[in-house]
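Trainee: from the sequence below, what's the structure:
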Amino acid sequence: MRKGEISFGLILGLILGVLLGIIFAPESGEETRRKLREKSEDAYDRIRDLIAEYIEITEEKGKEYSEKAKEKADEIVSELRKKLEREVDEQIREE
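Mentor: So this is what the prediction gives:
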């Protein structure tokens, strides 16, 4: 399973749990609101942490891909430089 699917399932489960808790809550309205506020704060913290984790992963992958792209570009430039030097040498020899 991909992280996105797991996160989506976690968030969906959390929302459904809160809704079912409200529907079947035996406490008073004040107690239910307090619990709902606590659960909402917990959900917010979890979502914030997941987003921070995804941002961190994205930054790491971005740096990794950037470094790979730079290395590949350097290889291509080096190969082109060698080919150009060979062509120039051949042109000089032909003259």
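Trainee: okay, helices next: where are they in this structure?
Mentor: 3-23, 29-94 (DSSP state H).
Trainee: I'd like the ones you listed as TSV, with mean neighbour count and mean pLDDT appended.
Mentor: All C-beta atoms are positioned from the backbone trio N, CA, C, and that covers glycine. As requested, those are arranged in TSV below (neighbours: other CB atoms under 10 Å; pLDDT from 0 to 100):
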stretch	mean neighbour count	mean pLDDT
helix 3-23	12	79
helix 29-94	11	89
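Trainee: ok, residue 76 to residue 59 distance?
Mentor: 26 Å (CB to CB, to the nearest Å).
Trainee: and the contacts of stretch 26-43?
Mentor: Residues outside stretch 26-43 that contact it (CB atoms under 8 Å, 6 or more residues apart in numbering) are 11, 14-15, 17-18, 21-22, 25.
Trainee: just name the closest of the residues you listed to residue 50, please.
Mentor: Proximity of the contacts of stretch 26-43 to residue 50 (CB to CB) peaks at residue 11, which lies at 8.1 Å.
Trainee: ok, the residue lying closest to the closest one once chain neighbours are set aside to residue 54 distance?
Mentor: Distances taken as CB to CB, 6 or more residues apart in numbering place residue 47 nearest to residue 11, at 6.7 Å, with adjacent residues excluded. Shown here: residue 47 relative to residue 54, a distance of 11 Å by CB to CB.
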